[in-house]
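Q: model the structure of this input:
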Amino acid sequence: MRSIFFLLAALAAAAARAQPPTVELAAGMHLIRAEVADSMSTRMTGLMHRKSMPQNAGMVFVFEASSTHCMWMKNTLIPLSVAFIDEGGAIVNIADMQPHSEQSHCAARPVRYALEMNKGWFAQRGIKPGLKLRGLETLSPR
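A: Residues are numbered from 1 along each chain as shown. From the prediction side, this is the model:
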């Protein structure tokens, strides 16, 4: 019985380590709890294979350098909107993306971050290009 307890405890600890770190961001008065994708591995995996995402949750992708980064939805099950964000935290452009699509959605000019949220999240809150997000200054790529 003790060995089962220790096995379960070890599995729970491994699962906790597998969860990406999170950061609290703010878009105007709207708070976002964003998982951080700040390594090549976490950026490549992104939100793949997720069946749902809480309403004010998302994933922020942190890139090593500003560039016209692109996103796509291969193996992603939920529809998403992505905001491409420049070095200063301002939204450059927003794109809606469909599940299982390999269509690229790219930044209109060089960006340092991308924030994926449930599809329509930005539009429903009137969040448009030019708005500055708060909280990104604490992030850097691994």
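Q: could you list the low-pLDDT ranges of the protein?
A: Within the chain, the set of residues satisfying pLDDT under 70 comprises 1-18.
Q: and the nearest residue to residue 20 once chain neighbours are set aside, what does it touch?
A: In space, and not counting its chain neighbours, residue 20 is closest to residue 35: 4.3 Å by C-beta to C-beta, 6 or more residues apart in numbering. To be clear about C-beta, it is placed using only N, CA and C from the backbone, and glycine gets the same treatment. Residue 35 makes contact with 19-22, 57-60, according to C-beta atoms under 8 Å, 6 or more residues apart in numbering.
Q: ranking by neighbours, what's the top pick from those residues?
A: residue 60 (25 neighbours; other C-beta atoms under 10 Å).
Q: can you say which helix or strand has that residue in it?
A: Residue 60 is located in strand 57-67, with elements delineated by DSSP states H and E.
Q: partners of that strand in the sheet?
A: Strand 57-67 pairs in its sheet with strand 30-37 (parallel), strand 111-118 (antiparallel), by DSSP bridges.
Q: what's the most buried one of these?
A: Highest mean neighbour count among the strands paired with strand 57-67 (mean count of other C-beta atoms under 10 Å): strand 111-118, with a mean of 24.
Q: picking up where we left off before, next SSE after the strand holding residue 60?
A: strand 70-71.
Q: what angle do the helix or strand just after that following strand and strand 57-67 make?
A: Using DSSP H and E, the next helix or strand after strand 70-71 towards the C-terminus is strand 80-85. Counting by axes from the mean of the first three to the mean of the last three C-alpha atoms, to 10 degrees, strand 80-85 points 40 degrees away from the direction of strand 57-67.
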